[in-house]
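Student: I would like to see how this sequence folds:
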Amino acid sequence: NTRHVNTTLSGRVLDDETAEAESYWLFVTDTTGQPQVRSIGHYYDRFRRTDDGWKLASRQITTG
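Tutor: Predicted coordinates for the structure are as follows:
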């Protein structure tokens with residue numbers, strides 16, 4: 001009965017091989033009763049193009 005919500009996503013292609021994205025997240029508990037936000041934060045992601053498509057290369061997580 002939890003939910004991870006990812007919001008306000010912004011992505012940018014930097015060149016033919018790399019891209020980056022930023023988004024905010026919330027972790028919500030007791031989603032079937034009285035939902036409460038337990039934590040919030042920010043993701044900063046880097047992606048690399050591979051033969052199989054775009055893959056997550058790194059993620060920086062900031063809480064609060």
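
Student: so where is this protein shaky, pLDDT-wise?
Tutor: Counting by pLDDT under 70, the chain has no low-confidence residues at all.

Student: Which parts of it are helices?
Tutor: With helices called from DSSP state H, the chain shows none.

Student: quick one, which residue of it lies the farthest from its center?
Tutor: Relative to the centre of the chain, and counting by CA atoms, centre = their mean, the farthest-placed residue is Gly33 at 25.5 Å.

Student: State the distance from the nearest residue to that one once chain neighbours are set aside to Phe27.
Tutor: Excluding the flanking residues, the one nearest Gly33 by CB to CB, 6 or more residues apart in numbering is Asn1, at 7.4 Å. Where C-beta positions appear, they are placed from N, C-alpha and C, glycine not excepted. If you measure Asn1 against Phe27 using CB to CB, to the nearest Å, the figure is 12 Å.

Student: More neighbours: which of these two?
Tutor: Set side by side, Asn1 and Phe27 show more neighbours around Phe27, with 15 against 9, by other CB atoms under 10 Å.

Student: And the strand ranked longest in the chain, how far out from the chain middle?
Tutor: Ranked by number of residues, the top strand in the chain under DSSP state E is strand 36-50. Once both centres are worked out by CA atoms, centre = their mean, to the nearest Å, strand 36-50 turns out to sit 3 Å from its chain's centre.
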